[in-house]
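K.L.:
When you get a sec, could you give me coordinates for this:
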Amino acid sequence: MALTTCNSERFIDAQLGSILGQTRPADEIVVGDDASTDGTATRVTAALADAPMATHVRLHQPRVGYLANVETTARRTTGDLVFFADHDDVWRADKVDRLIGAMAGRTMTAAFTNARIIDDAGVPATTDLWSRAGFGDTDRAAVREGNGLAVLLQRRVATGATMVCTRDLFDAVFPVPDSAVHDHWIALIAATTGTLLAIDEPLIDYRLHRGNMVGMGARNPIRRIRDRFAAGDIPGREAATLAALIERVGDRLDPAARAAVEQAEAHHRLRATLPRRFAARFRVTTRELARGGYRRHHPSGPRSWLYDVVRTPARAAGQ
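P.N.:
Below is the predicted model:
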């Protein structure tokens, strides 16, 4: 199990208590703390002092960042199954047992689960994690039927805090490209080279609070568009991630899967090189909308088209 922490004093006791209280304990707990300045290290050390499994704690100095902490911590695990854990969530008591059962006998497999959403105080929200991610019945059925790649090329549905993967898939995943986030990348590798499972049970309490480094954002569409402007070159990162996927596992993709990935890469590459002049940008994006590119590669094609129309690219190829 790979558990990452950073200034986790408020929530780490509850998370470690839920991990240590599993009906089927993990074989090892590997903790990576990213230069916490509060009492996190002391709390982790105290909680794990009498743990009935192997424990390893690394205190990063200086800070390496969330994604680097996840990768370096995960790569220090040794088990046949690798669970990912965030510092501020709470696991259901049967999570490990339930997922070990789901993964039994499988190779090249990753699984992610649903989750109950809670706030700072642990009060449940009225919606669950998959509802907030827009992962509805149609997409869930597609994943069950082995068509997870089509879903992943349109939206991000796998949350790292709920994930587990087999060691052979894990070895294919790392290193994670600089453009990617680990959970989406793991899901892409599983969907293209093995099996991606979606477990429709809320096996963790996923905590939303102001300090989340990576997590679900507000559902307000104006807020989402504003956040996308602040996030920088999203199309460029999407294209780079898909190019990295082809480079990493392209020789193992069947022709249809490779064509779908290449089509998605081309779409995001086009978006990353849009003209700065409004009239030209409107023509290019509207043509792509008519060809179905926005529909195939976004949860809401018209909204993403509108975003591309109104934003002014920082720079464009040949301009």
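K.L.:
Walking through the stretch 201-319 of the chain, point out its helices one by one.
P.N.:
With helices called from DSSP state H, counting those that start in this stretch, the stretch 201-319 of the chain shows them at 221-231, 234-249, 255-272, 278-290, 293-297, 301-310.
K.L.:
possible to save the ones you listed as a markdown table with distance to R75?
P.N.:
In this view, the C-beta of every residue, glycine as well, is placed from N, C-alpha and C. Shown next, in a markdown table, are the helices of the stretch 201-319 of the chain (distance: least, C-beta to C-beta, whole Å):
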| stretch | distance to R75 |
| --- | --- |
| helix 221-231 | 27 |
| helix 234-249 | 16 |
| helix 255-272 | 25 |
| helix 278-290 | 39 |
| helix 293-297 | 31 |
| helix 301-310 | 34 |
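K.L.:
what about those, which gets the closest to T138?
P.N.:
For T138, the closest of the helices of the stretch 201-319 of the chain is helix 293-297, at 13.9 Å, according to C-beta to C-beta.
K.L.:
Need the residue closest to the centroid of the protein.
P.N.:
By C-alpha atoms, centre = their mean, the mean C-alpha position of the chain lies nearest to D183, the distance being 3.0 Å.
K.L.:
mind listing what F11 touches?
P.N.:
Applying C-beta atoms under 8 Å, 6 or more residues apart in numbering, we find F11 in contact with H87, D88, D89, R207.
K.L.:
confidence score at the residue of the chain most remote from its centre?
P.N.:
What lies farthest from the middle of the chain is A279; by C-alpha atoms, centre = their mean that is 35.8 Å. In this prediction, A279 carries a pLDDT score of 97.
K.L.:
gap between it and D33?
P.N.:
Distance check for A279 against D33: by C-beta to C-beta, to the nearest Å, it reads 52 Å.
K.L.:
Equivalent analysis for M1, please.
P.N.:
For M1, the distance to D33 under the criterion C-beta to C-beta works out to 15 Å.
K.L.:
closest to A26 out of the helices of the stretch 201-319 of the chain?
P.N.:
helix 234-249 (28.3 Å).
K.L.:
now L169: how far from A266?
P.N.:
L169 sits at a distance of 27 Å from A266 (criterion: C-beta to C-beta).
K.L.:
now swap in A190 and tell me
P.N.:
Taking C-beta to C-beta, one finds A190 at 23 Å from A266.
K.L.:
so where is this protein shaky, pLDDT-wise?
P.N.:
Along the chain, the model assigns pLDDT under 70 to residues 210-233, 315-319.
K.L.:
tell me what the longest strand anywhere in it is packed against?
P.N.:
In terms of residue count, the longest strand belonging to the chain (DSSP state E) is strand 195-207. For strand 195-207, the packing partners by 3 or more C-beta pairs under 8 Å, 6 or more residues apart in numbering; DSSP states H and E come out as strand 90-91, helix 95-103, strand 109-118, helix 129-133, helix 137-144.
K.L.:
In JSON lines, list the ones you listed along with distance to R10.
P.N.:
Listed next are the helices and strands packed on strand 195-207 as JSON lines, based on distance: least, C-beta to C-beta, whole Å:
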{"stretch": "strand 90-91", "distance to R10": "13"}
{"stretch": "helix 95-103", "distance to R10": "21"}
{"stretch": "strand 109-118", "distance to R10": "13"}
{"stretch": "helix 129-133", "distance to R10": "21"}
{"stretch": "helix 137-144", "distance to R10": "33"}
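K.L.:
Tabulate those in a markdown table, adding columns for distance to T159 and mean neighbour count.
P.N.:
As requested, those are exported to a markdown table (distance: least, C-beta to C-beta, whole Å; neighbours: other C-beta atoms under 10 Å):
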| stretch | distance to T159 | mean neighbour count |
| --- | --- | --- |
| strand 90-91 | 13 | 22 |
| helix 95-103 | 13 | 18 |
| strand 109-118 | 6 | 23 |
| helix 129-133 | 6 | 19 |
| helix 137-144 | 14 | 15 |
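K.L.:
and of these, who's closest to D178?
P.N.:
Of these, nearest to D178 by C-beta to C-beta is strand 109-118, at 20.7 Å.
K.L.:
quick one: secondary structure of S36?
P.N.:
At S36 the chain is in coil, as set by DSSP: H, G, I helix; E, B strand; the rest coil.
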